[in-house]
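**Student:** Structure of the sequence below:
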Amino acid sequence: MTDRTIANRLEELGIVLPSASEPSAKYANCVMVNGLCFVSGKGPAGHPKG
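**Tutor:** Have a look, this model is predicted:
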């Protein structure tokens, strides 16, 4: 078994993820529940590829 992480794999592929923007109101960008990330009101910005 390898010690690869998602961050390592993204780096290997040359993928850089942008930072999350600040919320425009009083709500959370995301909530983690039982290992799942529920994202609210977010989508690709700029000119996404893929």
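**Student:** helix or strand for the closest residue to Pro18 other than its chain neighbours, which one?
**Tutor:** Nearest residue to Pro18, sequence neighbours excluded (Cβ to Cβ, 6 or more residues apart in numbering): Ala45, at 7.0 Å. C-beta here means a position set from N, CA and C on the backbone, and glycine is covered the same way. If you go by DSSP states H and E, Ala45 is not part of any helix or strand.
**Student:** Tell me the spacing between Ala45 and Val39.
**Tutor:** 13 Å (Cβ to Cβ, to the nearest Å).
**Student:** Of the two, give the one with the bigger neighbour count.
**Tutor:** Comparing Ala45 with Val39 by other Cβ atoms under 10 Å, the one with more neighbours is Val39, at 11 against 8.
**Student:** Now do the phi/psi pair for Arg9.
**Tutor:** When quoted as degrees, to the nearest 10, the phi and psi of Arg9 stand at phi -70, psi -40.
**Student:** Give me the average confidence score over stretch 8-24.
**Tutor:** Average pLDDT, stretch 8-24: 86.
**Student:** Check the separation of the first and last residues in that stretch.
**Tutor:** 31 Å (Cα to Cα, to the nearest Å).
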